[in-house]
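Student: Coordinates only, no sequence provided:
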């Protein structure tokens, strides 16, 4: 049956209510997903979203007990208008694409499936006007840029950086099917720089070879120690005034057993990962 419904949706207390007219065919006891247009306003912190159905098909509803929906949300982060998408692909980049869309659903930037090269770093500098956007990364195989079982795939990384290369936002490489990150571009925004490095070690079950990646964007002294289970240091590597890099290590000369990979930054332990060296995978 064809009906027309009006939906009132103030995004949060203190903002002016909006109204959206929806028209379609909705059989008895059926459901329909409605996407409300425009940008949902919000304040910093927790916001309360309310949507109410008003006079379905122009009539008063005899039972309006289920005509209002309430939800809470945290306003998306605001960043400056110019930033960098940092993407380091893994060994299977044909499974990946990434793009930026605005609040109207228009794609403003895209690196599509089949366009990326293996084990390659891309730094895409974007300059956007004020507004709301979504950053999306897709993986067609559903195992992200890293998955413990897929050692042949290797490990990739994806970040958002300031125009000067400092870390704004990092994403877990083991993300499955999709990364979906909403943000605002605001002319008055001041970027919130991440003070913590992003580190990864892959694989952790190995015949001996493993790769460590590190990214911060500001200089720190980094000390990498590989120890036995009882704490004996078997290798130590020092990196002075280090910002970012990918380092390869080979423990194939060591007896098959468990080891611990430890990273100290300016003297403080910041990362620990167990490595299992085996005779056969």
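Tutor: Structure's in. What do you need? Owing to the predicted nature of the structure, the values given are computational and were not obtained by experimental measurement.

Student: buried stuff in the longest strand seen in the chain?
Tutor: Among the segments of the chain that qualify as a strand by DSSP state E, the longest is strand 209-228. Using 16 or more other CB atoms under 10 Å as the burial criterion, the residues of strand 209-228 that qualify are 210, 212-217, 220, 222-227. To be clear about C-beta, it is placed using only N, CA and C from the backbone, and glycine gets the same treatment.

Student: quick one: which two of the residues you listed are the most distant?
Tutor: 217 and 227 (28.1 Å; CB to CB).

Student: before we move on, the earlier item: average pLDDT for the longest strand of the chain?
Tutor: Confidence for strand 209-228, expressed as mean pLDDT, is 96.

Student: Report the distance from that strand to the chain centre.
Tutor: From the chain centre to the centre of strand 209-228 is a distance of 22 Å (CA atoms, centre = their mean, to the nearest Å).

Student: by contact count, what packs against it?
Tutor: strand 157-162, strand 167-170, strand 198-202, strand 233-250, strand 258-265 (3 or more CB pairs under 8 Å, 6 or more residues apart in numbering; DSSP states H and E).

Student: before we move on, the earlier item: what would the buried residues of strand 209-228 look like in TSV with distance to residue 91?
Tutor: Below are these laid out as TSV (distance: CB to CB, whole Å):
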residue	distance to residue 91
210	15
212	17
213	14
214	20
215	19
216	25
217	25
220	29
222	26
223	29
224	23
225	28
226	24
227	29
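
Student: now, among these, which is nearest to residue 142?
Tutor: When the buried residues of strand 209-228 are compared for distance to residue 142 (CB to CB), residue 213 wins out at 22.3 Å.

Student: Residue 44 versus that closest one, what's the distance?
Tutor: For residue 213, the distance to residue 44 equals 33 Å [CB to CB, to the nearest Å].

Student: shaky segments in the stretch 51-200 of the chain?
Tutor: Scanning the stretch 51-200 of the chain for pLDDT under 70 picks out no residues.

Student: rerun that using 90 as the cut-off
Tutor: Low-confidence segments of the stretch 51-200 of the chain (pLDDT under 90): 51-71, 73-75, 104, 187-188, 195.

Student: Torsion angles phi and psi at the residue positioned nearest the centre of the chain?
Tutor: Among the residues of the chain, residue 171 comes closest to the average C-alpha position under CA atoms, centre = their mean, at 3.7 Å. Main-chain torsions, residue 171, degrees, to the nearest 10: phi -130, psi 140.

Student: Check the gap between it and residue 240 for me.
Tutor: Relative to residue 240, residue 171 is positioned 28 Å away (CB to CB).

Student: Ok, residue 174 next?
Tutor: 31 Å.

Student: Could you give the bridge partners of the closest residue to residue 200 other than its chain neighbours?
Tutor: Closest residue to residue 200 apart from its sequence neighbours, by CB to CB, 6 or more residues apart in numbering: residue 213 at 5.0 Å. Note on residue 213: beta-bridge partners residue 200, residue 246, judged by DSSP bridges.

Student: Now do the contacts for residue 213.
Tutor: By CB atoms under 8 Å, 6 or more residues apart in numbering, the contact list for residue 213 reads 88, 155, 157, 198, 199, 200, 201, 245, 246, 247.

Student: can you tell me which residues contact the residue lying closest to the third one once chain neighbours are set aside?
Tutor: Nearest-residue entry for residue 157: residue 88, 4.5 Å, with adjacent residues in sequence omitted and distances by CB to CB, 6+ apart. When contacts are counted by CB under 8 Å, 6+ apart, residue 88 touches 119, 120, 121, 122, 156, 157, 158, 213.

Student: mind listing the strands in the stretch 1-150 of the chain by residue range?
Tutor: For the stretch 1-150 of the chain, strands defined by DSSP state E, counting those that start in this stretch occupy the ranges 2-8, 19-25, 46-54, 68-74, 77-79, 82-88, 96-102, 107-111, 121-127, 131-139.

Student: Distance to residue 188 added to those, as TSV?
Tutor: Below are those laid out as TSV (distance: least, CB to CB, whole Å):
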stretch	distance to residue 188
strand 2-8	30
strand 19-25	29
strand 46-54	19
strand 68-74	19
strand 77-79	8
strand 82-88	14
strand 96-102	19
strand 107-111	21
strand 121-127	16
strand 131-139	14
